[in-house]
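Asker: test case, fold it:
(one chain, ligands or ions: 2)
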Amino acid sequence: MAHLSKVLEANRSNLDHCAQLLRNGDVVGMPTETVYGLAGNALDLNSVRKIFEVKGRPLIDPLIVHFSNLEAAEPHIESNDCVRRLAEAFWPGPLTMVVPKKNSIADIVTAGLPSVAIRVPRHPVFRQILERIDFPLAAPSANPFGYVSPTLAKHVQQTLGSRIKAILDGGPSELGLESTIIDLRNPEQPVILRHGPITESQISEVLQMQLTRHVDQANNEAAQSAPGLLTKHYSPKAKVRLLPHGDTRPRSEHTEPNASTTLVLNQKPSWYTTQHNIFWLSESGDLSEIAHNLFELIQRLDQQDVQQILIEQAPEQGIGQAINDRLRRAAAKLEAID
Ligand code: TXA
Ligand code: MG
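Answerer: Ligands and ions are numbered 1, 2, ... in the order given. Purely as a prediction, here's the structure:
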């Protein structure tokens, strides 16, 4: 088996070591509050190329650039009032903003687009690394292209561990779903490109305006004017089939101890006794808890070679919108490939 990079405890000497790797142009697996990222120097073309190579990511899919604060981002972007208000309200935190870029951000980072996606993360380990370096970090989620995002350091180790030198451990990702992405190229008409932990209504409230819905384009081949939404994202190995929210009937196949189909529900079902192959994401159906646990459970079931996962969708409200978006993408694999 190929040598796997170690998961490093985030102590001072390991933080120094990882900051040095980044200065040298290497890429490092790092925790954020959303999911783990695969970080490299956003201003160094070789580091950025390495990110695409390690992930097996097509060059048409642009990267998010992470800064320590809005001031650090400003020299690289055309800012506007919406950016400032949203930064004030939600940064550091799980919101990514798409804005016009300046030339200091190379085309490879943005897949040739004139806009760049920027974010100020709040995970203390990521922030401690940013404090040690004097460049921003390009960081996609640290999964092989198309697979589910990592929410534990060991997920990064299991999938990319043979291709990178270091992974910093920051514990389980607090939120468990990737950041919300909002397109602010036209501040008169903000568009949500990806649902996430910051909800549409939280953003509308800060901006005091309605948001436009992004029309999801399936299977986009070229870098889209509003990309980030390739359908075959977030796909586990197992086949995923979705159940409507509230459809929690027990199914006969789940009473078999070795059945290859599992049932994943929002919360513990009232009928549950000791059936195997039945999981729930939250004892009480709490949406944040469901989001926090979703990718970890999916990856655990994949490790156990489960063939098929039947998953109950979340209610389409708050972060439930982001959960259902990821579930639809996980299930879309079937249509995209078959
Ligand atoms: O929570 C997150 O956002 C995590 C952590 C590591 O920060 N990162 C993340 O990155 O999810 P990634 O690369 O897996 O997803 C970023 C999405 C991509 O689907 C990409 O197409 C979109 O953001 N994106 C990047 N730049 C863009 C741009 N200029 N315009 C529109 N979409 C963009
Ligand atoms: Mg990703």
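Asker: which parts of this structure sit against ligand 1?
Answerer: 32, 34-35, 37, 61-64, 96, 98, 110, 113, 115-117, 119, 121, 139-141, 178-179, 181, 193, 226-228 (Cβ under 6 Å from any ligand atom). C-beta: built from backbone N, CA, C; applies to glycine.
Asker: and Thr212, what's its pLDDT?
Answerer: Here, the pLDDT recorded for Thr212 equals 82.
Asker: spatially nearest residue to it (excluding sequence neighbours)?
Answerer: Using Cβ to Cβ, 6 or more residues apart in numbering and skipping the chain neighbours, the partner closest in space to Thr212 is Val191 (4.7 Å).
Asker: and the one you found, how many neighbours?
Answerer: Residue neighbour count, defined by other Cβ atoms under 10 Å, stands at 17 for Val191.
Asker: next: Gly196.
Answerer: By other Cβ under 10 Å, neighbour count at Gly196 equals 24.
Asker: now it. Nearest residue, chain neighbours left out?
Answerer: Thr180 is the one closest to Gly196 (Cβ to Cβ, 6+ apart), at 3.3 Å.
Asker: specify the beta-bridge partners of the one you found.
Answerer: Per DSSP bridges, the residues bridged to Thr180 are Leu95.
Asker: list the contacts for it?
Answerer: Pro94, Leu95, Thr96, Ile192, Arg194, His195, Gly196, Pro197, Ile198, Thr199, Ile203, Ala322 (Cβ atoms under 8 Å, 6 or more residues apart in numbering).
Asker: and the residue nearest to Thr212, what are its bridge partners?
Answerer: Here Val191, judged by DSSP bridges, has bridge partners Asp183, Thr212.
Asker: all strands for the stretch 101-250 of the chain, in order.
Answerer: 115-119, 137-138, 166-169, 180-183, 191-194, 212-213, 239-243 (DSSP state E, counting those that start in this stretch).
Asker: got TSV for those strands, with distance to Glu9 too?
Answerer: Below are the strands of the stretch 101-250 of the chain laid out as TSV (distance: least, Cβ to Cβ, whole Å):
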stretch	distance to Glu9
strand 115-119	25
strand 137-138	20
strand 166-169	6
strand 180-183	30
strand 191-194	31
strand 212-213	43
strand 239-243	34
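Asker: re earlier: which of the residues of the chain next to ligand 1 fall in helices?
Answerer: Of the positions in the residues of the chain next to ligand 1, not one sits in helices, assigned by DSSP state H.
Asker: just the buried ones from those?
Answerer: Burial by neighbour count, 16 or more other Cβ atoms under 10 Å: within those this picks out 32, 34-35, 37, 61-64, 96, 98, 110, 113, 115-117, 119, 121, 139-141, 178-179, 181, 193, 226-228.
Asker: hang on, the earlier thing: separation between the residue nearest to Gly196 and Ala322?
Answerer: 7 Å (Cβ to Cβ, to the nearest Å).
Asker: do Pro100 as well
Answerer: For Pro100 relative to Ala322 (Cβ to Cβ), the value is 26 Å.
Asker: looking at these two, which has the bigger crowd around it?
Answerer: Ala322 (28 against 15).
Asker: report how many residues lie close to the residue nearest to that one when sequence neighbours are not counted.
Answerer: Sequence neighbours aside, His195 is the residue nearest to Ala322 in space, at 3.9 Å (criterion: Cβ to Cβ, 6+ apart). For His195, the neighbour count with other Cβ under 10 Å is 22.
Asker: now the one 5 residues further on
Answerer: For Glu200, the count of nearby residues is 18 (other Cβ under 10 Å).
Asker: do I have it right that it meets Ile319?
Answerer: No. Using Cβ atoms under 8 Å, Glu200 is not in contact with Ile319, being 10.4 Å away.
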